[in-house]
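# Return atomic coordinates for the entry below.
(2 chains)
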Amino acid sequence: DAGITQSPRHKVTETGTPVTLRCHQTENHRYMYWYRQDPGHGLRLIHYSYGVKDTDKGEVSDGYSVSRSKTEDFLLTLESATSSQTSVYFCAIREDLNEQFFGPGTRLTVL
Amino acid sequence: QKEVEQNSGPLSVPEGAIASLNCTYSDRVSQSFFWYRQYSGKSPELIMSIYSNGDKEDGRFTAQLNKASQYVSLLIRDSQPSDSATYLCAVNIPNQFYFGTGTSLTVIP
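The predicted structure is shown next:
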């Protein structure tokens, strides 16, 4: 258990509404990641952070923004949710030797 | 071009047999390689990491890496029904990780 929690665990929202997902870690890891997982695509990196206020884009960053104002929290925001953003979202931390450990996931449905 | 390729399966093996899972990757600067197990509805769980050419064994699991051929494999010996899951291969390029789409494994009692 890498001490990672995600909230909410499930969310149903409507197209056009803003949505924020939270990832919280308790072990002071520098690197944090947001992924989405879809059938046929596997896990794809959305954004990652390498420190407070330090973030960078992944391969599927369009339509998403992130913020990291504290080491322990990494927020993913969908400014205006679309049905194509219906997915399972996983947060991960990176430990020494580049090993990643994942949170429990958030299932997001955009109607 | 996909960074990481895996056969999607499904792969079925009888209980007690060896399951062999394969993965190829495209980027030669890849540094670290990982195998994750994911049960349906759950998050990925790290089972093996490998960083240099050759074999690495951990219990019933053996990871094999061949950087010249750009492939990494996972062998599961004495397969158990509890090994039935999707196995994800992941590759680390500095600061980013790329995952395959996963291979579904079913171990038949």
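
# For the rest of this, base every contact and every neighbour count on C-alpha atoms.
OK.

# Near the residue in chain A positioned nearest to chain B, how many other residues are there?
Going by C-alpha to the nearest C-alpha, chain B is nearest to residue A:42 of chain A, at 4.1 Å. Neighbour count for residue A:42, taken as other C-alpha atoms under 10 Å in any protein chain shown: 16.

# give me the element the residue positioned nearest the centre of chain A is part of.
What sits nearest the mean C-alpha location of chain A, by C-alpha atoms, centre = their mean, is residue A:34, with 3.1 Å. Following DSSP states H and E, one finds residue A:34 within strand A:31-38.

# can you tell me which residues contact whichever residue of chain B sits closest to chain A?
Nearest residue of chain B to chain A: residue B:101, at 4.1 Å (C-alpha to the nearest C-alpha). Neighbour list for residue B:101: A:40-43, B:5-6, B:8, B:88-89 [criterion: C-alpha atoms under 8 Å, 6 or more residues apart in numbering or on different chains].

# make it 6 Å
Going by C-alpha atoms under 6 Å, 6 or more residues apart in numbering or on different chains, residue B:101 touches A:41-42.

# before we move on, what about the one 4 residues further on?
Listed by C-alpha under 6 Å, 6+ apart, the contact set of residue B:105 reads B:10-12, B:84-86.

# What residues does chain A have near chain B?
Within chain A, the positions lying close to chain B (C-alpha under 6 Å from any C-alpha of the partner chain) are A:41-43, A:104.

# quick one: the strands in chain A?
Assigned by DSSP state E, the strands in chain A fall at A:4-7, A:10-13, A:19-25, A:31-38, A:42-51, A:54-57, A:64-70, A:73-78, A:87-94, A:100-102, A:106-110.

# Just send these back as CSV, with mean pLDDT too.
Shown next, in CSV, are the strands of chain A (pLDDT from 0 to 100):
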stretch, mean pLDDT
strand A:4-7, 97
strand A:10-13, 97
strand A:19-25, 98
strand A:31-38, 97
strand A:42-51, 95
strand A:54-57, 96
strand A:64-70, 97
strand A:73-78, 98
strand A:87-94, 97
strand A:100-102, 96
strand A:106-110, 98
